[in-house]
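Trainee: The following block contains a protein sequence and its predicted model.
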Amino acid sequence: MYIIPKEAEELFDKAMSLFKSEFYSAAKDEFSKLKDIFPEYPNVDYYIEASAKNHSGHMVLLNSYIEDHFEEDAKALAEEIVIETPSSGIAPEITRHLEAGEYNLAIEKLLTAETVVPDSRPLLLLLAATYRKIGKYTEAEKTLKRALVASPNDFEILNNLANVYMNQGRYKESESILKELQRIDPDNPKLHNNYGALKMQMNDLDEAMIMFRKAAMIKPDWKIPQRNMQNLVKLIEALDMKISTLRREFITKGYPDIGTELIRYLFLRGHYADAKSESLTLSKAIPELPLPWFYIGKVNEKFLDLEGALEAYRTLVKLEGKSNNPAYINAKTLYEQGFTEEALSEIKKIAKPERDYSDARLEIGIAYFEAGLFEEALQRFEEAASIKCYPDVSYWLGMAQLQLGEKKDAEESFKNALKLNPEYAEAHFRLGQLTIQQEGREEEAREHFQRALSLNLNATLAEAAKEYTEEKKE
């Protein structure tokens, strides 16, 4: 048995907030810090792994729209390996494993083949591409850097390294390589296709379309950039439709959570000026709202306005009450010493939104509930549940349903809250209230009240629970 220190609990809360907000890379950093200070924290390894796998919800979304050329490259490289190892019999096995999607087995055979033809260019390229295919980006990077030792300015090796950096979210490094490749081989269609994929990851969707078109013009019979263009059109249409809907809702309803969602989609679409403008408008309307400053900082950083980005992130940190954090103080000191870029790197360690969009809807719903506007509250709770349905959302959804006389739905919502958190005292209490009114369920009600009393139930509800259980005894 161990006692979890307060510092560990605070780190976990922060990491989970980032995870729920889909800032997976930042969440992974916080979970890793948690493991460093308290390795015994329950499930911390699972959360680190989950954060790493997701990396970012946006990247996962975009990857589903981008087609790469792994299969055709793998086939060509495997044929080169056959030429290099004519008598080993390994190359056909590699090809068979790749065609069957048995990538780990293919890697084993490639490593075996490396003992026959060490530092083979096609072998190292195929090994790196296969590592990348299964998400082992560090191994892919190391393999490509080995290949570069023998062939320092090789287009294919550099192009693949740019792809690996893109998968890792290292966009500046990826773009730096692709710009160099434009100098080496400006008419290579793979370059433009991969540059288009990078621009998609960077949210520059219109520029991505230009790149895919260039690739298609250079090599009209190549299907991959054609499909990428088709997929990109679908993505742009979906984002534009969502932005139009959010604009209408924000104009008619004015809810701040709709405003923040609109800003996020404008940013994802690459409409940076609009995203910044909406962020500034929302921050003036609701000065205490931190999230707009996150996007103001992101846009300023995008256009290399480092001082503007630094100021926006500092504002966000102050609004979230973290101005005593060492990172904030260090950033201030670095800036005063003239190290703006270093100050920006330091402040970004803590300049991350603490709340997710589900939380925003939940808070607004509670405000409506407390004002007696139960239908408006229900709408907000339902929207929150559609994004992230965690215990508080289910509980408040049940409360609104209860007020509107939807007792059956309310019971299901409270039960769902307990599925997510079996020790949710208030949910036990509300189920007790509902079931005690139903013939034949009195014992079930008593069990819920007793369970609620055994947990951290607030004093007012605890008194009511005691009265219910005493009435049952009588």
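Mentor: That came through fine.

Trainee: Give the next helix or strand downstream of the longest helix along the chain.
Mentor: Using DSSP state H, we find that the single longest helix of the chain is helix 223-253. The element immediately downstream of helix 223-253 (helix or strand, assigned by DSSP states H and E) is helix 256-269.

Trainee: Show me the contact partners of that next one.
Mentor: 58, 203, 205, 236, 239-240, 242-243, 246-247, 249-250, 272, 274-275, 278-279, 282, 285-286, 289, 291-292, 295, 298-299, 357, 360-361, 364 (C-beta atoms under 8 Å, 6 or more residues apart in numbering). The C-beta positions use only the backbone N, C-alpha and C, and glycine is treated the same way.

Trainee: Then stretch 448-460?
Mentor: Taking C-beta under 8 Å, 6+ apart as the rule, stretch 448-460 contacts 423-426, 428-429, 431-432, 435-436, 461-462, 465-466, 468-469.

Trainee: quick revisit: helices or strands next to the longest helix of the chain in the packing?
Mentor: helix 189-201, helix 205-218, helix 256-269 (3 or more C-beta pairs under 8 Å, 6 or more residues apart in numbering; DSSP states H and E).

Trainee: Report the buried residues of that helix.
Mentor: Residues of helix 223-253 classed as buried by neighbour count (16 or more other C-beta atoms under 10 Å): 224-226, 228-229, 231-232, 235-236, 239, 242-243, 246-247, 250.

Trainee: CA atoms only for stretch 143-151 - export them in CSV, please.
Mentor: Taking Å, rounded to 0.1, in the frame of the first residue of the first chain, the C-alpha atoms of stretch 143-151 are listed here in CSV:
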residue,chain,number,x,y,z
THR,A,143,18.8,3.3,-40.5
LEU,A,144,18.5,6.2,-42.9
LYS,A,145,21.3,8.1,-41.2
ARG,A,146,23.5,5.0,-41.6
ALA,A,147,22.7,5.0,-45.3
LEU,A,148,23.6,8.7,-45.6
VAL,A,149,27.1,8.0,-44.5
ALA,A,150,27.8,6.1,-47.7
SER,A,151,25.6,8.3,-49.9
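
Trainee: quick check: mean pLDDT across it?
Mentor: For stretch 143-151, mean pLDDT rounds to 90.

Trainee: Now do that stretch: everything it contacts.
Mentor: So stretch 143-151 is contacted by 119, 121, 124-125, 127-128, 131, 154, 157-158, 160-161, 164 (C-beta under 8 Å, 6+ apart).

Trainee: how far out from the middle of the chain is that stretch?
Mentor: Centre-to-centre, stretch 143-151 and its host chain are 32 Å apart (C-alpha atoms, centre = their mean, to the nearest Å).

Trainee: Ok, stretch 190-204 next?
Mentor: Worked out by C-alpha atoms, centre = their mean, stretch 190-204 lies 20 Å from the chain centre.

Trainee: quick one: average confidence on the host helix or strand of Leu453?
Mentor: Using DSSP H and E, Leu453 sits within helix 442-454. Per-residue pLDDT over helix 442-454 has a mean of 86.

Trainee: Check stretch 183-198 too.
Mentor: 92.

Trainee: in it, what's buried?
Mentor: Buried-residue list, stretch 183-198, by 16+ other C-beta under 10 Å: 188-198.

Trainee: And stretch 162-178, by the same measure?
Mentor: For stretch 162-178, by 16+ other C-beta under 10 Å, it's 162-168, 174-175, 177-178.

Trainee: got it, and stretch 101-121?
Mentor: Neighbour-count burial for stretch 101-121 [16+ other C-beta under 10 Å]: 103, 106-107, 109-110, 113-114, 117, 120-121.

Trainee: Okay, and Ile364 sits in which element?
Mentor: Ile364 belongs to helix 357-370, assigned by DSSP H and E.

Trainee: Check the offset of that helix from the chain's centre.
Mentor: 22 Å.

Trainee: tell me the angle that helix makes with helix 256-269.
Mentor: In terms of direction (axes from the mean of the first three to the mean of the last three C-alpha atoms, to 10 degrees), helix 357-370 departs from helix 256-269 by 160 degrees.

Trainee: Which residues does helix 357-370 contact?
Mentor: By C-beta under 8 Å, 6+ apart, helix 357-370 touches 20-21, 255-257, 260-261, 264, 374, 376-381, 383-385, 387-390, 392-393, 396, 399-400, 403.

Trainee: For ChimeraX, what selects the buried ones among those residues?
Mentor: Remark: buried members of these, expressed as a ChimeraX selection using 16+ other C-beta under 10 Å:
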select :20,21,255,256,257,260,261,264,374,376,377,378,379,380,381,383,384,385,387,388,389,390,392,393,396,399,400
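
Trainee: From the contacts of helix 357-370, which land in helices?
Mentor: 20, 256-257, 260-261, 264, 374, 376-381, 383-385, 387, 392-393, 396, 399-400, 403.

Trainee: residue contacts, Gly432?
Mentor: Counted by C-beta under 8 Å, 6+ apart, Gly432 has contacts 445-446, 448-449, 452, 465, 468.

Trainee: what's the nearest residue to it if we skip its chain neighbours?
Mentor: Among residues not flanking Gly432 along the chain, His448 sits closest, at 3.6 Å (C-beta to C-beta, 6 or more residues apart in numbering).

Trainee: Share the number of residues neighbouring that neighbour, please.
Mentor: 25 (other C-beta atoms under 10 Å).

Trainee: ok, it to Leu111 distance?
Mentor: 59 Å (C-beta to C-beta, to the nearest Å).

Trainee: residue contacts, Glu341?
Mentor: Leu306.

Trainee: what about it, which helix or strand?
Mentor: helix 340-347.

Trainee: Using CSV, write out the CA atom coordinates for that helix.
Mentor: Extracted in CSV, the C-alpha atoms of helix 340-347 (Å, rounded to 0.1, in the frame of the first residue of the first chain):
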residue,chain,number,x,y,z
THR,A,340,13.6,35.4,-27.3
GLU,A,341,13.7,32.0,-29.1
GLU,A,342,14.9,30.2,-25.9
ALA,A,343,12.2,32.1,-23.8
LEU,A,344,9.6,30.9,-26.3
SER,A,345,10.8,27.2,-26.0
GLU,A,346,10.6,27.5,-22.2
ILE,A,347,7.1,29.1,-21.9
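
Trainee: Now do the buried residues in that helix.
Mentor: Those would be 343-344, 346-347, for helix 340-347 by 16+ other C-beta under 10 Å.

Trainee: And stretch 445-464, by the same measure?
Mentor: Residues of stretch 445-464 classed as buried: 445-446, 448-449, 451-453, 457, 461-462, 464 (neighbour count, 16+ other C-beta under 10 Å).

Trainee: Adding distance to Thr95 as columns, could you present those in a markdown table?
Mentor: Listed next are the buried residues of stretch 445-464 as a markdown table, based on distance: C-beta to C-beta, whole Å:
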| residue | distance to Thr95 |
| --- | --- |
| Ala445 | 66 |
| Arg446 | 68 |
| His448 | 62 |
| Phe449 | 67 |
| Arg451 | 61 |
| Ala452 | 63 |
| Leu453 | 67 |
| Leu457 | 65 |
| Leu461 | 67 |
| Ala462 | 69 |
| Ala464 | 71 |
